[in-house]
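S.K.: with the input below, show me the fold.
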Amino acid sequence: MAFYYKLGEIPHKRHTQFRQPDGSLYAEQLVGTLGFSGVSSLLYHINPPTQISRIGEPRPYAPRKAEGVKLSPQHLRTLGAETTGTDYLSARKTMLFNSDVAISICNPSEHEMDYYYKNGQADEVVFVHEGKGDLLTQMGRIPFVPGDYLVIPRTVIHQFRFDEGPVRLLITESFSPIETPRRYRNHFGQLLEHAPFCERDIRPPVELITETEKGEYLVQIKKEGELHQYYYTFSPFDAVGWDGYFYPYAFSIYDFEPITGRIHQPPPVHQTFEAHNFVICSFVPRLFDYHPEAIPAPYNHSNVDSDEVLYYVAGDFMSRKGVDRASFTIHPGGIPHGPHPGTVEASIGKKETHEYAVMIDTFKPLYLTEDALAYLDENYPMSWNEEGNNQVRKGDMFD
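M.R.: As a prediction, the model looks like this:
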């Protein structure tokens, strides 16, 4: 989200002397993308960020592709997911991945991290399904609540601090930059008047965190399928100021303003973010189509170029039955999919919906992981074969 922002103390001119109270120089660090051609920020540290005290042994941290998976619609029920780990990293379970994106669930029971984390090769979009707290980063603190997307650009060092209570996260890792949709931006990068959200909805860090105590600080860096263990004698949260266009931010699904029409609108109207070869969309409560003969339920469709993943957050979806919140439905490219039996007729005359969901559409096939197999609904591919099912139970209208 490229608009200028700054926190803390910075010198009048970049790349000039900026001294600490003892007369030594603050350590300037440029964090930028696309070489020196993309967005960037300048950070000013008490300690040089290059001063590593030691490097531990890397640990494997990569999803394993499930073999022998049939080409078919899939349904993953993760509502009762038990995690094998307890902290933010060990509790992650990747469900789907390809060379552009990885999609994971994370339900940590530990509410604080005793280490710092950096994804060295992917931007992360953390959707907060349940839980609240603070995202702490080297660029400041971002409070979050359920419904927030937390966009964390690659290399930003951070920690999560969760309040008491259950935590349920959906994490999308992007191996290309996460951006707002280009069709909603003008030549200067500003979001246009017809965009479903604007800069007022974007929440950058609100408070700079400057930790000065010496000690041993561990930063776990994810890169190329491993977690690398970097140790420092000072906190990575030692910046006294920064400015630029590259930083983490929050955006709430509740601030997404739906686009509606006289007849059924296709999924691109729900688009919230884009990256190379995939998009993230937000389904939110909205008025249904208002043509006198409109059919609100989506039509059968075959996405010949993309896989469609829908993660169910809350509410009643008009065209899908037997799907709980925190479930995934996966419809692979080239295989037709559409409303369940009875849902098309049941949708006619409906005036509005109260659904919330996150959709991820990819332009390369997605692979199920070995972890995902534990949540697989074997009956889902045949669920369109129900006969005489013209009644849709309340709470079963999921898309």
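
S.K.: which helix or strand contains the closest residue in space to Q29 that isn't next to it in sequence?
M.R.: Nearest residue to Q29 in three dimensions, chain neighbours excluded: L43, at 4.6 Å (Cβ to Cβ, 6 or more residues apart in numbering). Glycine gets a C-beta too; all of them are placed from N, C-alpha and C. Under the criterion of DSSP states H and E, L43 resides in strand 40-45.

S.K.: please point out which parts of that strand sit buried.
M.R.: By neighbour count with 16 or more other Cβ atoms under 10 Å, strand 40-45 contains the buried residues S41, L42, L43, Y44, H45.

S.K.: tell me the contacts of the last one?
M.R.: Read it as H45. Residues in contact with H45 (Cβ atoms under 8 Å, 6 or more residues apart in numbering) are Y26, A27, E28, Q29, D238, A239, V240.

S.K.: among those residues, which one is most surrounded by other residues?
M.R.: Among the contacts of H45, A239 has the most neighbours (other Cβ atoms under 10 Å), with 27 neighbours.

S.K.: which residues does that residue contact?
M.R.: So A239 contacts G8, L43, Y44, H45, I46, Q138, M139, L208, T210 (Cβ under 8 Å, 6+ apart).

S.K.: list the beta-bridge partners for the closest residue to it other than its chain neighbours.
M.R.: In space, and not counting its chain neighbours, A239 is closest to L43: 4.9 Å by Cβ to Cβ, 6+ apart. Beta-bridge partners for L43, by DSSP bridges, are Q29, W242.

S.K.: which pLDDT value does the model give L43?
M.R.: On pLDDT, L43 comes in at 98.

S.K.: with P268 instead?
M.R.: For P268, the model assigns a pLDDT of 89.

S.K.: cool, and the one 4 residues further on?
M.R.: Per-residue confidence at T272 stands at 97 (pLDDT).

S.K.: just F36 next, same as before
M.R.: Turning to F36, the model gives it a pLDDT of 87.

S.K.: how about N389?
M.R.: The per-residue pLDDT reported for N389 equals 40.

S.K.: check contacts around the residue most central in space within the chain.
M.R.: Per Cα atoms, centre = their mean, the C-alpha nearest to the average position across the chain is that of V125, at 2.4 Å. Neighbour list for V125: Y149, L150, V151, I152, I171, T172, S174, I178, F273, I280 [criterion: Cβ under 8 Å, 6+ apart].

S.K.: dump those to a markdown table, plus neighbour count and distance to C198.
M.R.: Formatted as a markdown table, the contacts of V125 follow (neighbours: other Cβ atoms under 10 Å; distance: Cβ to Cβ, whole Å):
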| residue | neighbour count | distance to C198 |
| --- | --- | --- |
| Y149 | 24 | 15 |
| L150 | 22 | 19 |
| V151 | 25 | 16 |
| I152 | 26 | 21 |
| I171 | 21 | 26 |
| T172 | 26 | 22 |
| S174 | 26 | 22 |
| I178 | 22 | 17 |
| F273 | 23 | 15 |
| I280 | 24 | 18 |
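
S.K.: okay, and which of these map to helices?
M.R.: Among the contacts of V125, no residue falls in helices (DSSP state H).

S.K.: between the residues you listed, which is closest to A294?
M.R.: Lowest distance from A294 to the contacts of V125 (Cβ to Cβ) belongs to I280, with 26.8 Å.

S.K.: just give the closest residue to that closest one, not the sequence neighbours.
M.R.: Closest residue to I280 in three dimensions, ignoring its sequence neighbours and counting by Cβ to Cβ, 6+ apart: F273, at 4.2 Å.

S.K.: pretty sure that neighbour sits against I178.
M.R.: Yes - in terms of Cβ atoms under 8 Å, F273 counts as a neighbour of I178; the distance is 5.3 Å.

S.K.: which neighbours do these two share?
M.R.: Joint contacts of F273 and I178 (Cβ under 8 Å, 6+ apart) are V125, V151, I280.
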